[in-house]
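Enquirer: 3D, please:
(one chain, ligands or ions: 1)
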Amino acid sequence: MSTSGSSITNHTRPFPPGFLWGTATASYQIEGAATADGRGPSIWDTFSHRPGAVWNGDTGDVACDHYHRMSQDLDLLGELGVGAYRFSVAWPRVQPTGQGPANQRGLDFYRRLVDGLRDRNIEPTLTLYHWDLPQPLEDAGGWCVRDTAERFAEYVDIVARALGDDVERWITLNEPWCSSWLGYGTGRHAPGLHDIGKAAAANHHLLLAHGMAIPILRSAVPSAKVGITLNLGDHRPGSKHELDVAAAQRADGNLNRLFLEPVFRGRYPEDMLAHYATSKPGFSVIQDGDLKIISQPLDFLGVNYYFPSTVVDESRATEARLAGYFVAPNEQFPDLRVRSLETPGRDKTAMDWEIEASGLTALLVRIRDEYTTLPIYVTENGAAFDDYVDPNGRVLDNNRVAYLQEHISAVHDAIDAGVNVQGYFVWSLLDNFEWAFGYSRRFGIVWVDFPTGERLPKESFHWYRDTIHSNSVEYATSVGSG
Ligand code: FCB
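Expert: Below is the predicted model:
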């Protein structure tokens, strides 16, 4: 198409043969059946039932009722044509109190899921921990105590032995930053504590749990491909001012380097250790040999990316306003004297997250340049929008299609730049329980009518199916002549 002064060209960008297309979910967000077949309570059951913790008092008690609708959801995955499905196992289904013998009925559910995936030629990608810690372990100190990492290792052994013959790709933890800093620091997530020293201790014990799980997986499942999924961000300073540059470094230290450095370099970043030196217990929980356990070789890295981030030092919020930014009311890093900025005019999702796909490319390139050349999977990427079922019974989520198209194209840019990206998983297959936002935010490529549990593939589902089928993404560029 050509208009006066500018032209739009469509490019087809093919992905390498064998590129893995997938979609992702997490146990507490979709399963429901909170007390079925011997499942014990998790920290998210407790937290979501606490008045004021989750929007509208929503809980995961029923969620998408995936526990009872699994075969329908498997059929949706088959129709979508994905090569892989990323799901998580609920620890309290497998060990209702977080320790002791396995609950066979809980394992049977995941056995049926894995078999159903294999029947459809879909590779199970199993996350061992997506935030639903058994409540009794929290009562005993949760991730702030070392014992929880030991308990995790036992749980991993049970799952690996039960499902290892049919699961090759294993993710130890999903986003340990959220578990530690949102769970114990800002209190936005379960267990809802506001204690920076505990958040730092949780950060370390989660990574220790990850490290302890690696040899267990390798011995139970010799062919296992083992990785960890981190939520990483591309933090830019709002100006060149040295205070803002330093603020961006602190944000980067907390979100990215506190995880990437121990996993890939066997050490914690000095600036962060110094920053949290007076927080108790903080990183004083580190014991000799821990970093060796944490930094064992992996087979891949999982990266979750949603939005870019621009930050300034909190003392410079007024200057940032004068420079035309909005200063975000919610702080991601309460203890870092950092303020997050919003760029006026930039599109945002229903989460208020700015949309900028180039942040994903920059992040992937940086990981390759600074940390690892291991295969990378984008294990989550997607967007919430204010979807609705129109009078014709369709959900025309063209904004989600545009988001996915731009971000998949950004992955392609990274591959072009030589980054070893081997797969991409859309978050999420289904609309689901979006943590502190309850059911008010829809991320699915399948609409879920929560009162009835009915599923309805959205426009983005059909678009993603075609993308998978063609193993390529269409991308439009506009060249203006002024
Ligand atoms: C990630 C979580 C995932 C989902 C998306 C939107 O941080 O891993 O469960 O909530 O955000």
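Enquirer: Please list all residues in contact with residue 153.
Expert: For residue 153, the contacting residues are 209, 212-213, 216, by Cβ atoms under 8 Å, 6 or more residues apart in numbering. Backbone N, C-alpha and C define where each C-beta goes, glycine included.
Enquirer: Kindly reformat those as TSV containing pLDDT.
Expert: Output for these, formatted as TSV (pLDDT from 0 to 100):
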residue	pLDDT
209	99
212	99
213	98
216	98
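Enquirer: In JSON lines, list those residues along with distance to residue 192.
Expert: Compiled in JSON lines, the contacts of residue 153 are given as follows (distance: Cβ to Cβ, whole Å):
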{"residue": "209", "distance to residue 192": "20"}
{"residue": "212", "distance to residue 192": "26"}
{"residue": "213", "distance to residue 192": "26"}
{"residue": "216", "distance to residue 192": "30"}
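Enquirer: Stretch 448-467: end-to-end distance?
Expert: Stretch 448-467 stretches 22 Å from its first residue to its last (Cα to Cα, to the nearest Å).
Enquirer: Show me the contact partners of it.
Expert: Here stretch 448-467 has contacts from 21, 23, 62, 64-65, 69, 72-73, 76, 79-81, 387, 389, 393-398, 400-401, 404-405, 408, 426, 430-432, 439, 444-447, 473, using Cβ under 8 Å, 6+ apart.
Enquirer: Now that stretch: buried residues?
Expert: Across stretch 448-467, burial judged by 16 or more other Cβ atoms under 10 Å covers 448, 450, 453, 455, 457-461, 463-465, 467.
Enquirer: For it, the averaged confidence score.
Expert: Within the predicted structure, the mean pLDDT of stretch 448-467 is 98.
Enquirer: Same question for stretch 91-107.
Expert: For stretch 91-107, the per-residue pLDDT values average out at 98.
Enquirer: Likewise for stretch 230-240?
Expert: The predicted model assigns stretch 230-240 a mean pLDDT of 94.
Enquirer: Please apply the same query to stretch 402-413.
Expert: 98.
Enquirer: Could I get the full set of strands for the stretch 201-350 of the chain?
Expert: Counting by DSSP state E, counting those that start in this stretch, the stretch 201-350 of the chain has these strands, from start to end: 225-231, 235-237, 300-304, 309-313, 326-327, 338-342.
Enquirer: Output the fourth one in CSV with nothing but the alpha carbons.
Expert: Below are the C-alpha coordinates for strand 309-313, written out as CSV (Å, rounded to 0.1, in the frame of the first residue of the first chain):
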residue,chain,number,x,y,z
SER,A,309,11.5,0.3,32.0
THR,A,310,12.7,3.9,32.4
VAL,A,311,13.8,5.0,35.8
VAL,A,312,15.2,8.0,37.6
ASP,A,313,16.6,8.6,41.1
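Enquirer: when you scan it, is anything in it near the ligand?
Expert: No - counting by Cβ under 6 Å from any ligand atom, no contacts exist between strand 309-313 and the ligand, the nearest distance being 13.8 Å.
Enquirer: other SSEs contacting that strand?
Expert: Based on contacts counted as 3 or more Cβ pairs under 8 Å, 6 or more residues apart in numbering; DSSP states H and E, the elements that strand 309-313 packs against are strand 235-237, helix 242-252, strand 338-342.
Enquirer: Count residues in the vicinity of residue 207, would you?
Expert: Residues contacting residue 207 under the criterion other Cβ atoms under 10 Å number 27.
Enquirer: Could I get the contacting residues of it?
Expert: Residues 176, 259, 262-263, 294 are the ones in contact with residue 207 under the rule Cβ under 8 Å, 6+ apart.
Enquirer: If you count neighbours, what's buried in the one helix or strand residue 379 maps to?
Expert: In this structure, residue 379 sits in strand 376-381 according to DSSP states H and E. Residues of strand 376-381 classed as buried: 376-381 (neighbour count, 16+ other Cβ under 10 Å).
Enquirer: what do you get for stretch 185-202?
Expert: Under the neighbour-count criterion of 16+ other Cβ under 10 Å, stretch 185-202 has 185-193, 195-202 buried.
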